[in-house]
Each structure stands twice: as structure tokens, then as C-alpha cells.
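# The sequence and its predicted three-dimensional model are supplied below.
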Protein chains: 6
Amino acid sequence: MYHHVKKLMYTVRVGTADPRFGNMLLEQFGGANGELAAAMQYTVQGINCDDPARKDLLMDIGTEELSHLEVIGSLARLHLKPTKTSREAAEADPLVAIAGGGGVGLFNSMGDPWTADYLKVTGELDVDLRSNIAAEARAKIVYERLIHFCDDPGTKDALQFLMTREITHMKAFMLGLQSLGLDPLKIGHIPPTPGLVDQYFNDSTNPSENGDSDQRGPWNEGSGWSYVEAPAFQDLKKVTSK
Amino acid sequence: MYHHVKKLMYTVRVGTADPRFGNMLLEQFGGANGELAAAMQYTVQGINCDDPARKDLLMDIGTEELSHLEVIGSLARLHLKPTKTSREAAEADPLVAIAGGGGVGLFNSMGDPWTADYLKVTGELDVDLRSNIAAEARAKIVYERLIHFCDDPGTKDALQFLMTREITHMKAFMLGLQSLGLDPLKIGHIPPTPGLVDQYFNDSTNPSENGDSDQRGPWNEGSGWSYVEAPAFQDLKKVTSK
Amino acid sequence: MYHHVKKLMYTVRVGTADPRFGNMLLEQFGGANGELAAAMQYTVQGINCDDPARKDLLMDIGTEELSHLEVIGSLARLHLKPTKTSREAAEADPLVAIAGGGGVGLFNSMGDPWTADYLKVTGELDVDLRSNIAAEARAKIVYERLIHFCDDPGTKDALQFLMTREITHMKAFMLGLQSLGLDPLKIGHIPPTPGLVDQYFNDSTNPSENGDSDQRGPWNEGSGWSYVEAPAFQDLKKVTSK
Amino acid sequence: MYHHVKKLMYTVRVGTADPRFGNMLLEQFGGANGELAAAMQYTVQGINCDDPARKDLLMDIGTEELSHLEVIGSLARLHLKPTKTSREAAEADPLVAIAGGGGVGLFNSMGDPWTADYLKVTGELDVDLRSNIAAEARAKIVYERLIHFCDDPGTKDALQFLMTREITHMKAFMLGLQSLGLDPLKIGHIPPTPGLVDQYFNDSTNPSENGDSDQRGPWNEGSGWSYVEAPAFQDLKKVTSK
Amino acid sequence: MYHHVKKLMYTVRVGTADPRFGNMLLEQFGGANGELAAAMQYTVQGINCDDPARKDLLMDIGTEELSHLEVIGSLARLHLKPTKTSREAAEADPLVAIAGGGGVGLFNSMGDPWTADYLKVTGELDVDLRSNIAAEARAKIVYERLIHFCDDPGTKDALQFLMTREITHMKAFMLGLQSLGLDPLKIGHIPPTPGLVDQYFNDSTNPSENGDSDQRGPWNEGSGWSYVEAPAFQDLKKVTSK
Amino acid sequence: MYHHVKKLMYTVRVGTADPRFGNMLLEQFGGANGELAAAMQYTVQGINCDDPARKDLLMDIGTEELSHLEVIGSLARLHLKPTKTSREAAEADPLVAIAGGGGVGLFNSMGDPWTADYLKVTGELDVDLRSNIAAEARAKIVYERLIHFCDDPGTKDALQFLMTREITHMKAFMLGLQSLGLDPLKIGHIPPTPGLVDQYFNDSTNPSENGDSDQRGPWNEGSGWSYVEAPAFQDLKKVTSK
């Protein structure tokens, strides 16, 4: 038996409903890295944006994510529908079963209500674009994990579609950021304190300890770095003097 | 009169207490982009990290941010102390005044309790590093805004110190990410669907509307992009066919 | 000076920016009875709905509310923009000023993040329509209060537009509910216990107290009601026996 | 073996404890449509109410719901008690088992803490009564679903008692609203804009799409409705002109 | 002019309404240490309690706190009523003014919704009584601060009444705990590891640092304490060996 | 096979990973009574503390709890790692599996994000120490319950270590409170109303009811108590008169 839900941009097909997988799908419906989070982050950034070109970019992708919210919601609903009538299925997500009557709500897989605390909106365009690149990377890996735990071909198809679009968006946001032509380490207008900005503080481990060892790499050697040992044990006056 | 609080890594000096500014400082104490958020994001990522080199990076910076939590907390407390005794000062932050007795709590400037929903932790190292680069960019711009609204030289000094370190961390995370040697658009293991991944959907505006106009730029032209008009009005079958 | 933001369905015009009023407007952007709450409540109900006719109703109004989210967000942003540069304006909403750079976020007037806990979605169509009627009534009264505190003619015009649409939606949901042809007191399939269902318990006040007095009206006399005095002080066995 | 807990208004009898069902019962203890939500919504509305007659109504029902909180809490506790000692039972609700020692807390079935965001309190009496009618309808359907998943006769009896009272309250609130003698579409004092209020916007679907179809019914035809096609694609000036 | 609200256990009299003070009062209505928090903490502990004597204690005080919720709510409402009509008053609490129509909601002074996360309920009677002693101490100091910021004699009287009762409850819980006859350091059944339990770790400061100094007192010298320097810098194997 | 994670203060050894137990361990990582809650409560109290001796006490224990956060986090991660690859394991904690890639986050066993609402910080030293004594008692009993449900010897060793330290801290806080030399019932500066403070109100049960019975003990007889019957049914004027 096939359930069909026709969506604006994608036709969802589910073979056998799998309520525990439907519960997992809620991560991308009402979860921290899901479609509503993406849609709202970009839309609100767009409302605040004074640059008409990148505003259009933010609104295009924000609107597309809203249509994905319906796709993932319809997919989750098809998988969760048995929670309406089967006690065993209901145990996969009692909130959906008892409060939702087998229908989805804006919750994640553990029933946490969606919250605007998931969003990163600063009103500083380049900073917002960086937040969006990271957001798309997170959404991509989450879809990959869902595909990994999924057996149903129709569901996998839909997830592959949605996962692909996250890479599309990631690329668009990266190009949007590059097109601003900014130094990647220049954020805002006030420059960091010279000298201090190039000091790497080795804070987490200490010589006499036999646990994790200190590690060196491009992030703390070369590139103008000075490596400062255990700054807690020095007169930090020197560190902060200009 | 000067209030002095000696901190592990920085000596805080405040001239005149300014309760409404102290309230604003809470954004970096218990707020979404503040020091606890940074400390916890990197520490939890570090606990999950199997790569000893970048684990040390995450733990070093996570530990440094924890010491900054004390700096910003002490700074905010000095500015908020008058809320303990003055009714007018208390109106600047009634939660601090009435519930906290003039002391700080892990809240932002509007009294929202700090929540782990602020954190971005995926257990995928390159994705986490991207989230951290964005997090540092956000923290930098927030410090800049606080400096903009601040009159007290000692406070500005401390904020300049903390702001500078965010750029240090941003650079370290960028170099840590680069050192992984990954294609920036390759996240995880499952490749996106060819063809579909290069389609830019023009979703947010439509020809007949006289509002915001459609915009073109590197994020939707050139670079292999195909530009798809108003995909809601086509048979999306074609779009999703492989 | 006039700021103009062209919206999909309404052109917003603001005369003098009023940051404290902009803060109040956030109630209808990211607040409990605001446009996102309405949009999401109806859209999620629509995703769960098996009745194609009322599903279309839910989706039509859900989509309209989303366009209103942009209207109210743009309006709030124009009023809050001075928080970016003026310290006095920033005190009207420090979260917007410091974290948002003068841009709006999905918060209410007290900075509470929008949460899906605001939504009422049960997956039972007639129950959901009742929740929607109540939601529209709440949204209407909130717009009325905003108009009452507003001096700017352009802003009042926009609020009058948005307020009017809530009554439109309330009427549509009432007619949608009526068209189901259900007994208003029959919810679901299991009938209430006869006899017990008609007992009004006088719980809150007691004869010997000289405070609020007991009151009678159609809600506890006539209409088949039996009025039960202070059921806490009786053998409730009788009350619950069938 | 029978566990007995004597309650103020109802004696709870549970046969075999069923921890996963006990977890489901928490929806009506600390959940969004549960007894505390009902009790607090009506009590807070009552505190704000200037009409002594409906204030008494709100307080009577608010007080009754508080007594129901004890009934449902005692019922849930009896079903959840095995989580204190059995590892398998503990897996039904680890929060109850580990943090609560087998006792209930004000959480729903997914462990979400009860929040005042569940409440709808506007300080406008007729609006509040509408919110209450909807709240009772939701509570009724939730009890019905719990009964559907329950095998224990004593538990079913208690749930039938509680479910019945929700219909009683729904009727009382409906009669309380009717007794105000208001036009159901007149909320507050400011009238909606004539003409605009009667326009139904067909927003969610479009002619060329082969998905969900547009639907007509009493909610968008007859009754003075004018049906406006896809308002996004017109000059909305006309729509909003008076 | 005097506003009078007759309460079950206390008649509230307010002289001049002071909206910003009314906002502060919400700390004890819907705040973390307020009356609902107290009422729910003790009532839920009581529902879980198997000891009939202390269950009655918990229920007596839980019920009394509920009646105090009405007192403080009525008090706050009288002070906040001007927010309904005056724009200046509305700025004292826009959530109350716009969403609540001048009526109170279950929020604190910064608009945070009441949450069950405020409660401490473990299902272990002696532990719960300790949580209650601390809760009463917190509530007492909060009332004292409110009295400190209050000018109105009638309001001060009510706050003195409520503050006094917290000391009554603190004493009752202390005596209830004592009557259990337990060793104050014996919690539950599993004994702590001998030796390790008496080691005080000097973690926060270090010899070479010129900030806060290490301090000694009964909490780390005498009483069987062994004082362990900077355990991070030793082989902790020795510390944990038995 | 053994997984080893070297920690600053404790070496964690886990035999067989048990994902459902790993999920339970999250109560002490990101839960209400867990290590982050302890660390933050004492650290924030310490930042606010003007008494250098007890400030050092608060900072020492706050810092130790932070190191415990790493221990419990590493322990939970080892038990939860199978959720990365096994669908069955993933069902033990879908949030960890799907959003966290098998790594821990600052959530409890039901996925609730850690929140500062868990903390009790009043800025009144003796009150804060009472909150800390209660917090340590709660943490101890939670560790005991985890040990009860655990089969793995290495994990039990670590939990015994952590549980023991809670008793150490409880003792230190008790001695710190005693060393202040305060009357245990004197909180702050304003004395309670004489007479009223010694009245125990018998609120929860009534003579005519055949449920729970009224109970007497040291908490309501002797010790200067006067026992007041059902104060709701008297003229409370007398109760409150001085």
C-alpha cells in the first residue's frame, strides 16, 4: 500500500509507515537544524537586510525552505499515522499520539517545542551569511543520518532531494559572502588589538598531567601565531598591554 | 571611585556604574552569543571529538571562554550593583534587582534564561568548526556594539580585550578547518543529486509584482548555476528527475 | 522623512520611528498570538488534515498569515531601527539593539523567543477550528490595543489592515466549523457520563466566607443543570456513581 | 493487587501498573492541554476579571481543575511507580525514574516542563471564554485518546469521570459567553474595514499546479464573501483601498 | 482612591497604582521563587509521598501557597491596571499591556513564562524537605526586597503577611526534616567512598596567581578534612585509589 | 573491548556500551541536578559574592563540578556511541543519534535543553548556601539511582567517585553556612510578624472528608505552634491583626 501526498514542489511517496523513523524525521520539521529553523533564519535576516541583492537571495532560499517544511511534515505524518490507533506505535511518540492524534507538531524527535532560540540573526549581513553556511552544513549532515537509518525507497528519495538542496543553498550563501569582497577576519568596524590577536593560549592541558596531550597545528603555529603557555599562571598584565 | 575585581586573566576596572549598560552586558554573559554559549559549544564538541589535535583546539578555546565568562560576569555585576539599593536602578533590570539581589544571573538583557538551544553541536568535526567560525563572528559584532554604547574607559578596555580574542578564535577555527583539507561543499559522505544541486530556484518574487525585484549575482548566475523561475508553477517532476 | 518597505500584500509607511512602540509591535511578530503563531498553527493543522476542503481553508489562511509576518516584521523594524545607533533608543529593546543590530528577531515585547508551545494542534478537525476561532479573536484584540497606543497614521493603517483580516479569518473558521454539521458539545466519539455531565460544582467560594459571592446565571442554572454545593465536603461517591 | 489513593473528589483505583501508559497520562498532568493548564488559565483569567458573575464561573471551574490535577497526578504516579526499581520500567520515562525516583513531575509524556506559554489569557472576557471553550474541547479529545489506549478498568473509570467534566465546563463556558449577548464577530471596540473584511484570499494553491485543488464552501462563498484570486499577483493597492 | 479585592485569606488594599512596582511583584506571581512555584513544588511532592504525616504537611503548605498566588496576583493586577490605558504605564510591562490587556499573566518581571523547571522534586522525602527549606529562604528574601522598593502602606502590609508565612513554612519544613531523625550527611542508601569524601580540592586558585587568594575555614580545615592542592596537576590515580 | 577516555581528574573505563543507560546518564550532564547546573550555580554565586572566604569556597567547588562535567560527558558519550551507526541504538535517544551524530549534547534524558532556570542564585550568601546544600543532596540521590540501574563495573566506579564528591560538597556548604553564625530562621533583615509566624494553617483537609487525614507532628504542634483550623472559613481579619 502506498500513501500519496502531493506537495507544491515534491510528491511524497511512503511505502510502509515506520513510526519510530517518523519520530526521527521530526528533527527536520520542528528541530534545531530543520526546515522551519532555516526558513525563519533567512526570512528574518531578509526582513532586516538593506542590501536589495542579498535580500533577494535570503528571501528566495527562505521561501524555498518553507516549501520543504511541508514536504518533511507530510513525510513525517505518513510515518507517524499509525500512532493514532496502535498502542505500540503510540509508544514511539506519545506526544504525537495523545496530544496530536497521530498528526505532527512543531517538535523535534524528543518532543521539544521549536524555539526561535535556534536562530542566528545578527543584522550584520556577512555575519548572517556565515551563520547560514554553517546552518546548511548542519542540515545536510542531519539529512544524511536520516537516510542512513531509512529503509523506505520513497522516503529516501525525498530525503535525497531535500539534502541536495542544502548543498545548493550552502554554495549560494558562500558565493553571496564572497561577493561582498570582505577580508574574512574583518568583522564590523573596530579592529582587534594588535599583538594580542595573534596569541594562542594553551589553556586546556598542562605539562604535568598524563591525560590529553597538547597538540600543534596551523591553528596555533606559523601564520604569525605566538603560543602562550598556561596564561592563568602569569601576570596577564603583559598579555594585555599594548 | 573605582571598583576592582581581580580576574584570572584580566583585571576589571569600572568607573561609574551604569545599570542599564550592565543589563546590556548580560548579552555576553547569559545571552545567545555570549561566553557561556561559546565555552559550552566548544567543550561539548571537544568531548565528542575523536581527532586528538582538533580536540585540543576545541578544549583550549572552550577553556579560555570559560575564563571570559568570569570577566564579563564581574563587569556586569559592577555595573548592576546599584540595582540592589536604588529603585531607579532596579527598574533597569528587575530580575537582577528583585530575584538576584543586585547580582548577575545566567540571563540575557531581557531576562531570558540561558539555554542549550543556543548551541550548535553535530558531532561532525568540519561542520562543528563552521558553526564555531560563525559563532565567533557573531560574538565579535556583539562586543563591538557594546563598545559603541559604552562610556566607561575601564569597561571599554575589557570589552576590547574580549572582542580581540574572538577574532583570535575565529582565525584558529578557520585554520583548523582548512587543515582538514576538505572540499568546502562536501559535507559527510552522501553526494548531492547532480543537476538538481546546481539549480537556483527564484522563489520569493514574481514578475507581475511591483515590490522587491529579482536580483542576480554570483550566487545565482555563472559558476554552473541554472536559474529556475518560480518552480511552484511547473511540473516539478522534471526538476527532481535524475 | 518617510521609510518605505514594499511588501507582497501591503506597502508599509512609517512616519517617525518610535522604538518603544516598535518593541510593542513584536507581540504580533514573535509573540504568542502573533502572525507566525497563526501561520504555523493553521499550516501544521493543514498538513495533518484529511478533509481536502477544510485543508484548503487552513492552507489559504496559513499562507496569508505568513505574508502578514513580513508586514508586521517590516513595520517593527522601521520603528526599531534607531536602536542600532542611539543609546536611548537601545534601552527600549536591548536584545534588538545589541544582539540584533537594530533588526527584529522572533521575540515578543519582553524578548521571549517564539515557541511552538504557543500552538494548539490536535489533529481533530472540529477541535482545531475552535482553537482557530479563539486564536483569531485574541489576535484581533491585540491589534486593537496596538492601534490604541499608536500615533503614526501609516502604522495605524497597516495595523487596521491586519486587524481586519483577523475578523475575516474568524468568520471563515466559524463557517468552516458550522459546515461540519456537528453538535457543538459532541467532541470525538466517547459520550460523557450522563447525569455527571450536567452537574455544576460550586467550588470556589463557601457560605461562611465574606469575600467574593456565589453567582448564578445560565452557566449554572436552567438548561438541565443541577447545582452541587461544595463537593469537597460531601461523600463524592454519590457524585460519581452511575 | 490494588493500589488505592483517596482523592478529594475521586477515589483512584489502579489494577496493574503500566509505566508506558503512566507516561502517556502525564499529558494531562503537566502537558499543554492538561489539568494544570486548565486550572491556571481560568484562575488567572478570574483574577483579572471585573465581572463578578463570570469571575465566579472562572474561579469555580479553575478550582475544580486543580482538584483534577491531584486525581490525574495520583493516577500517573501509580502507573509509574515501577520505574523506581525496574530498569525496563525506567526506560518508559527516564526522567521520572532517575530524577523523580518514580514520582511524577510537571512534565508531559516527552519530559517537556510545563510552561505558562500553554495559557491563553487576554484580559478580554469574551475572548477568554472562547479560548476556554477551545481548551475544553482539546482536553476532551485528549482524554478520549487516553481511554482508547488504556486496558485498566479503574483507570478508565477515572478518565471517563475527568473527560465528562470537560464537557460540563465546555457547556458552562459556552453559556457564559452567550449570556454576554455579543455579536460573535464583534471583538473589542474598533470595527474592521468594510469590504476588506469580506474578501477571502485564495492564497495557497495556483491554477497551474497539479497538487491540492482549490475548494469552495460556506467559508469562502455566499455569506457576503468576495473571492479574491492569488492576491500576491495583483496590485494590492486595489485590495486595500477603501 | 482605594482599590479593594477581597481574597480568601487576605484583603488586599492598594493606594496609588505603581505599574513598575506591579511589574516587580510578578516575580512572586509567575517567577522562579514565587507562590505558584512553591504551591506546585509541595503539592507534587505531596502526591508522590508515601509517608502520610509529611504528606499532610506538604499538602497543607502547598494549599496555603495557592491561596497566596491569588493574593499576590490581585496585588500585581491593581498596580498594573493603568497599563491598559496609559502608554507610559504600558512601557512598564508591554506584555501585560498588549497581550494581557492590563491583566496579569504567569510571567516574571522580565516576561519569562513560568516553567516547571523552577521546581525541585526528587521523590526522596528528606531531600525534598531540604529543597523546600531553601525555597522558603529564597521566597523570604525576595519579599524583603519587594518591601524595600515599595512605598504603598497597603501593599507593604500584604507583602509583610506573605513574607511572614514563608518563615512559618521554613520552620515547619525544618522540623519535619528533623523529625525523620536522619544523619544530615546521609542521603539515600549507598555510602560515599571513605577517604575521598573527606578531601577538599583546592581547585579555583593557584599559588603563582595574584588574584583571589585561597581561603581556609571550617569548610576545608579541621572536621576530618584533608586539603588537596590543585588536583589537576597530580596523578589523580592516587586521589581515587581506595 | 574497553573504551578509554583520559580525564583531567578521573580515568573513565566503560566495558559494554549501553545506549539506554547512556541516555539516563545525560541527567547528570545536561539535566536539572547535573554537573553543569552545580558548576554554574556555584560559579555565578561566587562572582556575586563579596565575602572572600566563602567566595573561594564557591569557586573551588564550582570549578570541581566543571571537571565532573567532562567526566560524566565522556562516560555518556561512550555509552551512546552506538547510536551513530545502529538503528536500534538510535531509538534510545534519537536526538543524540540524528542531531548529535552519536555525541552528547547539553540535554537531559528526555532531550530537554539545559536551562539556567535550573539554577538558584539569590545574591544572599546564607540563602545561596542553603540552595547549595539542597542541590548536593539532589545530585547525590540521582547518582545513587544511576548506580542502581547500571551493570558496568567501570561506569559504577566513576559514578561512585562522582557521588562521593557530592557528599563532600554538601558537608563543605553546611560548614560554610554554620560558620556564618546565623539563626537558621533569620533570613535577611526584616523580622516576620510575631504571632502570625507561629500559626500553622490546616489547609489541605477537612473534618467531613473521608480521604487523607490530618496529621500532627513537631512541624505543627509544640515548639510554640498554634494550630489554626481551615482558615478559609474564618474571618481572616483576626489572623492578620497585630
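Nice, thanks for sending it over.
# alpha carbons only for contacts and neighbour counts from here, please
OK.
# Can you list the residue ranges for strands in chain A?
Under the criterion DSSP state E, chain A contains strands at A:3-6, A:11-14, A:199-202, A:226-229.
# Highest average neighbour count across the ones you listed: which stretch is it?
Comparing the strands of chain A by mean neighbour count (mean count of other Cα atoms under 10 Å in any protein chain shown), strand A:199-202 comes out on top with a mean of 22.
# Can you list the low-confidence ranges for chain A?
Applying pLDDT under 70 to chain A flags the ranges A:1-9, A:205-212, A:230-242.
# For A:Tyr42, see how far away A:Asp126 is.
Distance, A:Asp126 to A:Tyr42, using Cα to Cα, to the nearest Å: 13 Å.
# Give me the longest helix you can find in chain A.
Counting residues, the longest helix found in chain A (DSSP state H) is helix A:52-80.
# And A:Asp126 and A:Tyr42? Which one has more around it.
Neighbour tally, A:Asp126 and A:Tyr42, criterion other Cα atoms under 10 Å in any protein chain shown: the higher count belongs to A:Tyr42, 27 against 24.
# Does at least one residue of the longest helix of chain A sit close to chain C?
Yes. Applying Cα under 8 Å from any Cα of the partner chain, one finds helix A:52-80 touching chain C at A:Glu70, A:Gly73, A:Ser74, A:Arg77.
# Pull up the gap between the second one and B:Asp203, please.
The span separating A:Gly73 from B:Asp203 equals 20 Å under the rule Cα to Cα.
# hang on, the earlier thing: could I have the buried ones of the residues of helix A:52-80 next to chain C as PyMOL selection syntax?
Selection of the buried residues among the residues of helix A:52-80 next to chain C in PyMOL, burial being defined by 16 or more other Cα atoms under 10 Å in any protein chain shown:
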select buried, chain A and resi 70+73+74+77
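# Redo the residues of helix A:52-80 next to chain C as JSON lines? Include distance to D:Pro82.
Shown next, in JSON lines, are the residues of helix A:52-80 next to chain C (distance: Cα to Cα, whole Å):
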{"residue": "A:Glu70", "distance to D:Pro82": "40"}
{"residue": "A:Gly73", "distance to D:Pro82": "36"}
{"residue": "A:Ser74", "distance to D:Pro82": "37"}
{"residue": "A:Arg77", "distance to D:Pro82": "32"}
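# What's the local residue count around A:Gly224?
11.
# Might one say that it is in contact with A:Asp198?
Yes. Between A:Gly224 and A:Asp198 there is a contact under Cα atoms under 8 Å: 6.4 Å.
# what are the ranges of the helices in chain A?
Applying DSSP H to chain A gives helices spanning A:19-25, A:27-30, A:35-48, A:52-80, A:87-90, A:94, A:125-148, A:153-178, A:236-240.
# Quick check: next helix or strand after the fifth one?
Just to be clear, that refers to helix A:87-90. helix A:94 (DSSP states H and E).
# anything in that next one near chain D?
Yes. Helix A:94 lies within reach of chain D by Cα under 8 Å from any Cα, at A:Pro94.
# next one: stretch A:80-90
Yes. Remark: stretch A:80-90 sits within contact range of chain D at A:Arg87, by Cα under 8 Å from any Cα.
# Give the buried residues for that stretch.
Buried, per 16+ other Cα under 10 Å, within stretch A:80-90: A:Leu80, A:Lys81, A:Pro82, A:Thr83, A:Lys84, A:Arg87, A:Ala89, A:Ala90.
# What residues does chain A have near chain F?
Residues of chain A lying near chain F (Cα under 8 Å from any Cα): A:20, A:24, A:27, A:33, A:108-112, A:142, A:145-146, A:149, A:209, A:211-212.
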